[in-house]
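>>> Next input, structure requested:
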Amino acid sequence: MKDTFIFTEAYKCGPILKKCLESFYTYQNETVHVFGTYKDFKDLKKFKNVEYIEMSHDKNLEKYYKEGHIGTGYLFAKVLNNEYGNYKKVIHFDSDVIFQNKCINDITDKFNEGYDLIGPRRPYKNTLKIPPHLNEAELRKLEDVVSTYFFGVNIDKISKYNFPILHGMVCGYYNPLGHAIIDFFDPISFDILKNGGKIFYLDFEDYGSCDKNGSHANQHAELNNILDYGKKIIHFAGIGSGMSFYNNGNGSVTETYTEWAKNRYAIYMKLYYNEDIDFDYDKELYEKLEKKLFIK
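Here you go, the predicted structure:
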């Protein structure tokens, strides 16, 4: 594990990451690097194997986090740029993940077998969710890549780009290969595949998301259609962004996304902290999740 950098973010979402780390250290003890500020770290209790990376000095980060995923993409790009040590492999998980079993070894074992990109499948060939402005025929010719809520990457397989281009690629705003992409990090994934990288898709029974047919119908289909839900992980999606939007406004992010994210954040806080925030969230969805999820 000496050549592997595991990281996540507490920036503007310390209470969310607290529940994530509590679940992480229930099942494993690997060192996790956490990006945030001293204020964020106060929201976390002290975890034995966490290394905190304080970022309040970085005004770019403060600016980018007002624009949602641009902030997360900035941290990703710094990590991929090898700014925090002499590592070759990177493992990332989102702050709004809840671990239900041991998971890190599912990525490190595949690194040891020679895989370069490991995570839940993001389907292109059979995706069921094509944004209306994209060319369906073009997308379906492309190889499936991975979602980034829990994934690993061999950074030696990424081409050498300058930092602004790398940042844009992580965010999904720029693809040097020229073709359309669906989501965050996909240009980096396609660059890795172009460079001969091997991809491994984590079992969607364990990690949720989709199978090769674009279906969410695993054995937890009702939950997996709402969350990314498998035997080993729960990924809520949008919770950290929702907290940021609730506390700081939405910047230039669309109202449709910000309202969706704030709704998810309000439900999360009610589920895991029994706290009602000042937002008219979807009570029916909350009641469904309260019944279905095992909240410790």
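
>>> So which residue is dead centre in this protein?
In the chain, the centroid-proximal residue (CA atoms, centre = their mean) is residue 149; its distance is 2.7 Å.

>>> wait, that one sits on residue 237?
Yes - with contact defined as CB atoms under 8 Å, residue 149 and residue 237 form a contacting pair (7.2 Å). Heads up, the C-betas are built off the backbone N, CA and C, glycines and all.

>>> Show me whatever sits in contact with both of the two.
Common neighbours of residue 149 and residue 237 (criterion: CB atoms under 8 Å, 6 or more residues apart in numbering): 94, 96, 228.

>>> per-residue confidence at the second one?
Spelled out, it's residue 96. Listed pLDDT for residue 96 reads 95.

>>> Same check on residue 45?
We have a pLDDT of 78 for residue 45.

>>> how many neighbours does it have?
If you count neighbours by other CB atoms under 10 Å, residue 45 ends up with 10.

>>> and what of residue 70?
The number of residues packed near residue 70 is 21, by other CB under 10 Å.

>>> Kindly list the main-chain dihedrals of it?
Main-chain dihedrals, residue 70, degrees, to the nearest 10: phi -60, psi -30.

>>> Give me the spatial nearest neighbour of it, chain neighbours excluded.
Of all residues not flanking residue 70 in the chain, residue 64 sits nearest, at 4.3 Å (CB to CB, 6 or more residues apart in numbering).

>>> For residue 283, see how far away the one you found is.
Plainly put, residue 64 is 34 Å away from residue 283 if you go by CB to CB, to the nearest Å.

>>> Looking at these two, which one has more neighbours?
Remark: of residue 64 and residue 283, residue 64 carries more neighbours, 21 against 10, as counted by other CB under 10 Å.

>>> need the contact list for the more buried one.
Residue 64 neighbours (CB under 8 Å, 6+ apart): 70-71, 73-74.

>>> got a winner among the shared contacts of residue 149 and residue 237 for most neighbours?
Of all the shared contacts of residue 149 and residue 237, the highest neighbour tally under other CB under 10 Å goes to residue 96, namely 26 neighbours.

>>> quick one, what contacts it?
13, 16, 20, 149, 235-240, 268.

>>> export these to JSON lines and tack on distance to residue 289 and pLDDT?
Output for these, formatted as JSON lines (distance: CB to CB, whole Å; pLDDT from 0 to 100):
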{"residue": "13", "distance to residue 289": "19", "pLDDT": "90"}
{"residue": "16", "distance to residue 289": "16", "pLDDT": "95"}
{"residue": "20", "distance to residue 289": "17", "pLDDT": "96"}
{"residue": "149", "distance to residue 289": "17", "pLDDT": "97"}
{"residue": "235", "distance to residue 289": "13", "pLDDT": "96"}
{"residue": "236", "distance to residue 289": "9", "pLDDT": "94"}
{"residue": "237", "distance to residue 289": "13", "pLDDT": "92"}
{"residue": "238", "distance to residue 289": "14", "pLDDT": "89"}
{"residue": "239", "distance to residue 289": "12", "pLDDT": "93"}
{"residue": "240", "distance to residue 289": "18", "pLDDT": "86"}
{"residue": "268", "distance to residue 289": "9", "pLDDT": "96"}
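
>>> who wins for most neighbours among those?
Neighbour tally across the contacts of residue 96 (other CB under 10 Å): the maximum, 31 neighbours, falls on residue 240.

>>> thinking again about what came up before, show the pLDDT at the residue nearest to residue 70.
90.
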